[in-house]
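1. Test case, fold it:
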Amino acid sequence: MPSQISETLEKYKRALENSKDRYEKIKKDRFENSKSFYDNFFNGLIKTYDEKDFNRVKLLAEQFFQVDKVKFAAVDGSCYKKQLQDYMVFFGAAYPVRGYIDFSKSDKFVYEDWSPEEDVSMVAYVPIPFAELDETVDDPFVLSDDQKTIDLSNIHVQLMELAEVYQAYMLVKSSDLRPKILLWDQSMSSVMNSNEVMYNKVDLVGYKYQRTSLTEQDIILAYSHPYSDELSIPSKKKYHVYNHILYKLQKEGPQDISKLSKELKLTERELKTRISYLINSIGGKNPIVTGLDQNKLIFNEDYEDSWEYVVGLFEHICHKIFKEQDPNALVYNKKNSSGEKEERWMSPNDLRFLISVGVRALIENCWKHDVLLIGIVKDSSSRYLTRNYVGVMQELNKYQNIPQVLLPWSDRDFLEILPWVDDNITAPWSTIEFDSVFMTLHVEKDEKGNKRIQGVRGDIVAPSERLFARSLAQFYLNRSKRSLLYGHVIFIDRLITPKIDKKLNKLQISNEKILGDIEPYLFSNNCTKNEVQDLMVYILNLLTKNLYPEVIGYPDPLHKADWGAKSIYKRIRPIIDSSDISLRANPTNKTFRQLRDQIKRT
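-> Residues are numbered from 1 along each chain as shown. Next comes the predicted model:
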């Protein structure tokens, strides 16, 4: 008679086999659905390339970069956190590699070493005592579990992101180091969306730099960037319409409220409600916008240098953290509710704010110097293309006769099936690009089954349209073997370039009640001309050497940047881990008797 344990194991085995069979059936069904979806619709959204295409693209490269030898750089980072006896240590770093592509010589790129004088890596390690850790995330009089607080304090990840942003920003800002092609192992649109926090949640308000304290108004103005006349950014959509108004007031001067309301398709009352941040005093400071008594909106000149000040603050803090490696860089003085000065650790929201400023400053510098900024992401389970973008296009009747079938669980899973169902697909190949606004813009059904286009929780649509273009691509396929060999599909997020992209077609999406007017760039099918995407795919294909099996189909410079960042991590980790030895050797540090005697002496 079988024992109870063996019977339980046998039942588990049967349950596991049953689940596996069901999963295999679902996979088979989704595979067949993918073939139908591709054959009847999606093949028009796939772009393939051959040598003739790339010869044409090389001419575009010469026009865009205006030189044969073009500098490139790639940035990646690493992070780590270690719980010691009385401390939590956070580490974040970023490392760049550089080189140049010689467009006069086919398929040639060369890496360049950094000189000993060029200390370009960004490294920070921050030990925070447990006694002070709560101050970074919580009210000191609210009890919380230490481990929970630590889990919420992903400062090491934020330090890494900040290091990467600062690294990329300083490369583009420096006339000596500036690349014309910059690869970053991040999705810029995701970084922007995940790090923007409300101005009243940033504890850094009151931080003194250049004898001036950071204000809530500075934060509001910083979030209104980036600005681009050619791309009409910030846009006129309802969500954060005050960003567009700030841009317009600084560019064109005072605006009549009645005329501006009509232009933005808002009532005067709604307009005033949506710009309450601008017209009201916050933190005892003068409003950013005045003139309501004259039925006008006038930009307060007290804040005309605000953006330059905030960028300077970003540079100042990052230099202290990553270059000087000042142990007190994340500590600052701030007045408490009683008006007394006290030391505070920067909170996660403070770091998010600095990351947000850095990304915006990076974008504006890339536009200023015609730098092609490309973000690459290896892993994602998103469905922004097949669900959000295709869904909105179908709702607008731009795409018709789309098979209504269940696809694999992510865009990546679906796209990696395509080379198996179409033998004509060869590497490199890519999807069409779609505006990154479709990360949040989607079709949703209400309780009655009625469909409507909306953002997250109604009107939240971010990032701004016409800012980034997203696509997915595959750079390694080998059909010469008995079984198809392939690299993973990667996610590409490129900064839209005003120099060329400003002439692209726009999609008109109007929903006056919720969204207002949204005008993303439109690349409707693979016949739509998109020269910058073609140039980008050519460059990425050139930089993808497929030398390392663990990163087949991934740009080689980013792999080397990852190596560099990980080598810093491997050197730093033993140092951090060994720092616990001194604490274990003297666990109490000071006895109560020593502390009592010290207090008596003072």
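
2. Report pLDDT for the nearest residue to residue 227 once chain neighbours are set aside.
-> Closest residue to residue 227 apart from its sequence neighbours, by Cβ to Cβ, 6 or more residues apart in numbering: residue 247 at 5.3 Å. C-betas here are computed from N, CA, C, even on glycine. For residue 247, the pLDDT comes out at 96.

3. for the helix or strand residue 247 falls within, packing partners?
-> Assessed by DSSP states H and E, residue 247 sits inside helix 241-252. Applying 3 or more Cβ pairs under 8 Å, 6 or more residues apart in numbering; DSSP states H and E, one finds that helix 241-252 contacts helix 216-223, strand 255-256, helix 268-274, helix 276-279, strand 289-290, strand 296-299.

4. Quick one: list the elements packing against the third one.
-> Okay, so that is helix 268-274. On a contact count with 3+ Cβ pairs under 8 Å, 6+ apart, helix 268-274 meets helix 241-252, helix 257-263.

5. tell me the average confidence for it?
-> Across helix 268-274, pLDDT averages out at 92.

6. So what touches it?
-> Helix 268-274 is touched from outside by 238, 241-242, 257-258, 260-261, 264, 266, 279, 292, with contacts defined as Cβ atoms under 8 Å, 6 or more residues apart in numbering.

7. From residue 235, how far out is the residue nearest to residue 227?
-> Residue 247 is 10 Å from residue 235, where distance means Cβ to Cβ, to the nearest Å.

8. Look at these two and report which has more neighbours.
-> residue 235 (23 against 20; other Cβ atoms under 10 Å).

9. low pLDDT regions in the stretch 1-150 of the chain?
-> 1-2, 106-107, 116-117, 119, 130-150 (pLDDT under 70).

10. all strands for it, in order.
-> 46-48, 69-83, 87-102, 109-112, 122-129 (DSSP state E, counting those that start in this stretch).

11. Format the ones you listed as TSV; extra columns: mean neighbour count and distance to residue 397.
-> TSV is the format used below for those (neighbours: other Cβ atoms under 10 Å; distance: least, Cβ to Cβ, whole Å):
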stretch	mean neighbour count	distance to residue 397
strand 46-48	18	22
strand 69-83	22	42
strand 87-102	24	42
strand 109-112	13	44
strand 122-129	21	49
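
12. For the longest helix along the chain, name the packing helices and strands.
-> Secondary structure of the chain read by DSSP state H shows that its longest helix is helix 4-40. Using 3+ Cβ pairs under 8 Å, 6+ apart, the elements in contact with helix 4-40 are helix 418-421.

13. Report the next helix or strand after the helix it packs on in sequence order.
-> As assigned by DSSP H and E, the chain's next helix or strand after helix 418-421 is strand 429-431.

14. quick one, what contacts the residue lying closest to residue 417 once chain neighbours are set aside?
-> In this structure, residue 417 finds its nearest non-sequential neighbour in residue 34, 4.6 Å apart by Cβ to Cβ, 6+ apart. By Cβ under 8 Å, 6+ apart, the contact list for residue 34 reads 407-408, 414, 417-418, 421.

15. sorry, back to before: can you check what angle separates the helix holding residue 247 from helix 216-223?
-> Angle between the axes of helix 241-252 and helix 216-223 is 90 degrees (criterion: axes from the mean of the first three to the mean of the last three Cα atoms, to 10 degrees).

16. Can you list the buried residues in helix 241-252?
-> For helix 241-252, a neighbour-count test (16 or more other Cβ atoms under 10 Å) marks 241-249 as buried.

17. Ok, stretch 484-501 next?
-> Neighbour-count burial for stretch 484-501, counted by 16+ other Cβ under 10 Å, picks out 486-498, 500-501.

18. now do stretch 414-426
-> 414-419, 421-422, 425.

19. Let me have the strands of the stretch 1-150 of the chain in a markdown table, adding distance to residue 540 as columns.
-> As requested, these are exported to a markdown table (distance: least, Cβ to Cβ, whole Å):
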| stretch | distance to residue 540 |
| --- | --- |
| strand 46-48 | 13 |
| strand 69-83 | 11 |
| strand 87-102 | 11 |
| strand 109-112 | 11 |
| strand 122-129 | 25 |
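
20. Among these, which comes closest to residue 457?
-> When the strands of the stretch 1-150 of the chain are compared by Cβ to Cβ, strand 69-83 sits nearest residue 457, at 30.4 Å.

21. helices and strands around the closest one, which ones?
-> Packing contacts for strand 69-83, counted by 3+ Cβ pairs under 8 Å, 6+ apart, involve strand 87-102, helix 155-173, strand 181-184, helix 556-578.

22. now, which of the buried residues of helix 241-252 sits nearest residue 275?
-> Proximity of the buried residues of helix 241-252 to residue 275 (Cβ to Cβ) peaks at residue 242, which lies at 4.6 Å.

23. Excluding chain neighbours, what is closest to the closest one?
-> Of all residues not flanking residue 242 in the chain, residue 275 sits nearest, at 4.6 Å (Cβ to Cβ, 6+ apart).

24. give the contact list for the one you found.
-> Going by Cβ under 8 Å, 6+ apart, residue 275 touches 241-242, 245, 289, 297.

25. quick one: it from residue 262, how far?
-> Distance, residue 275 to residue 262, by Cβ to Cβ: 15 Å.

26. Just want the most central residue of the protein.
-> Nearest residue to the geometric centre of the chain (Cα atoms, centre = their mean): residue 191, 2.1 Å.

27. where along the stretch 501-602 of the chain do the strands fall?
-> For the stretch 501-602 of the chain, strands defined by DSSP E, counting those that start in this stretch occupy the ranges 509-511, 516-518.

28. got the contact list for the last one?
-> Same thing as strand 516-518. Looking at what lies outside strand 516-518 - Cβ under 8 Å, 6+ apart - the contacts are 235-239, 241, 264-266, 437, 441, 461, 465, 508-511.

29. who does that strand pair up with?
-> Within its sheet, strand 516-518 is paired with strand 509-511 (antiparallel), according to DSSP bridges.

30. buried ones in the strand it pairs with?
-> Buried residues in strand 509-511 (16+ other Cβ under 10 Å): 509, 511.

31. Please compute how far it lies from its chain's middle.
-> Its chain's C-alpha centre lies 26 Å from the corresponding centre of strand 509-511 when counted by Cα atoms, centre = their mean, to the nearest Å.

32. neighbouring contacts of that strand?
-> Strand 509-511 is contacted from outside by 392, 396, 441, 452-454, 515-520, using Cβ under 8 Å, 6+ apart.
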